[in-house]
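Novice: sequence plus predicted model, see below.
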Amino acid sequence: MRITYRNQDVKDYWERRWSEIPADEAMTNTSVYPLKYAQAAITDRDAPILEAGCGAGRILRYYHQLGYDITGIDYIQVAIDKLRDVDATLKVDTGNITALEFADAQFGYVLAFGLFHNLQDGLERAVEETYRVLRPGGRVCASFRADNIQTRLVDWLANRKSRQTGSSSGKAFHKMNLTKREFRALFERVGFMVDSIDPVENMPILYKFAFFRARHHKRFDENLARKEGYRLSPLGSLLQRFMMRYFPDQFCNIYVLIATKP
């Protein structure tokens, strides 16, 4: 387990990030994270879904527009306010994954993309709460920041940029990083049966360099990237496929887990 520190604590980071962009449109690319994995987990369209850490809403809005019974929570109020403004029919509210205000066994699925690694305290409690609100046979699909070469390099680049701009890299908690073994053990301790853990490239490290981005992604637009996925040029895609084929556990930036409550 490794902790990433930055000059801004995690709540301030997400408040700033969701304040700077509008609410997401529904995601359109079903072949990339996170929609690819949500679809792999969700097999019963009539079972209620909880998206914990719904953020700007790209997954929430995708399932809502298809008529699924989906509820979204996030602990950043500005994200919830923007979603309510863009679509008053969305079921969204502020919430805390470590103390969910839902009944036992209320949901058939829990989606938690990029949520758990933001918890400095109460990580196991959050997984216990996820277990509690799931029905027997229900599934969780969750991602977690990997502890590997790529995330260490990303952290080094971020700290280097801070030094170059004259801002301190700081010692505020930013993210937790786990190995695949640690991620699996976290869910198994609570009682889940782990179905799969995949190394995934959410934002490939090459995407940080405009040269390797797809033509219509050269100018960074976060909403576009969140809608379509972080698309690379043919050369960037070739290099990324090579790294993910031969060194997936070192050049993914997250692990995605699907697990079942017995």
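Specialist: Done, it's in.

Novice: for the helix or strand where K11 lies, buried residues please.
Specialist: Under the criterion of DSSP states H and E, K11 resides in helix 10-20. By neighbour count on 16 or more other CB atoms under 10 Å, the buried set for helix 10-20 is 10, 13-15, 18. All C-beta spots, glycine's among them, are computed from the backbone N, C-alpha and C.

Novice: just the CA trace of it, in PDB.
Specialist: Coordinates of the C-alpha atoms in helix 10-20 are reproduced here as PDB (Å, rounded to 0.1, in the frame of the first residue of the first chain):
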ATOM      1  CA  VAL A  10      -8.500  15.100  -1.900                       C
ATOM      2  CA  LYS A  11     -11.700  16.900  -1.100                       C
ATOM      3  CA  ASP A  12     -10.400  20.200  -2.300                       C
ATOM      4  CA  TYR A  13      -9.100  18.500  -5.500                       C
ATOM      5  CA  TRP A  14     -12.500  17.100  -6.400                       C
ATOM      6  CA  GLU A  15     -14.400  20.300  -5.500                       C
ATOM      7  CA  ARG A  16     -12.200  22.200  -7.800                       C
ATOM      8  CA  ARG A  17     -12.300  19.600 -10.600                       C
ATOM      9  CA  TRP A  18     -16.100  19.200 -10.600                       C
ATOM     10  CA  SER A  19     -16.500  23.000 -10.300                       C
ATOM     11  CA  GLU A  20     -14.400  23.500 -13.500                       C
END
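
Novice: mean confidence score for that helix?
Specialist: Mean pLDDT, computed over helix 10-20, is 92.

Novice: which outside residues touch it?
Specialist: Helix 10-20 is contacted by residues 6, 8, 55-56, 75-76, 78-79, 82, 118, 120, 172-175 when judged by CB atoms under 8 Å, 6 or more residues apart in numbering.

Novice: after it, next one along is what?
Specialist: For helix 10-20, the following helix or strand on the C-terminal side (DSSP H and E) is helix 35-41.

Novice: return the distance of that following helix from the chain's centre.
Specialist: The chain centroid and the centroid of helix 35-41 are separated by 13 Å, computed with CA atoms, centre = their mean, to the nearest Å.

Novice: next: stretch 64-79.
Specialist: Its chain's average C-alpha position is 14 Å from that of stretch 64-79, according to CA atoms, centre = their mean.

Novice: on that earlier part again, ok, of the buried residues of helix 10-20, which one's closest to G236?
Specialist: G236 has its nearest neighbour among these in Y13, at 26.4 Å by CB to CB.

Novice: top of the contacts of helix 10-20 by number of neighbours, please.
Specialist: Counting neighbours by other CB atoms under 10 Å, the top entry in the contacts of helix 10-20 is A79, with 27 neighbours.

Novice: that one contacts C54, doesn't it?
Specialist: Yes: A79 lies in contact with C54 (CB atoms under 8 Å); the separation is 7.3 Å.

Novice: what sits against the residue lying closest to T89 once chain neighbours are set aside?
Specialist: Ranked by CB to CB, 6 or more residues apart in numbering and with sequence neighbours excluded, the top spatial neighbour of T89 is H64, at 7.4 Å. Residues in contact with H64 (CB under 8 Å, 6+ apart) are 26, 70, 87, 89-91.

Novice: buried subset of the residues you listed?
Specialist: Neighbour counting with 16+ other CB under 10 Å marks 26, 70, 90 as buried within those.

Novice: now, which of those sits nearest P204?
Specialist: Taking CB to CB as the measure, P204 sits nearest to A26 out of those, at 22.9 Å.
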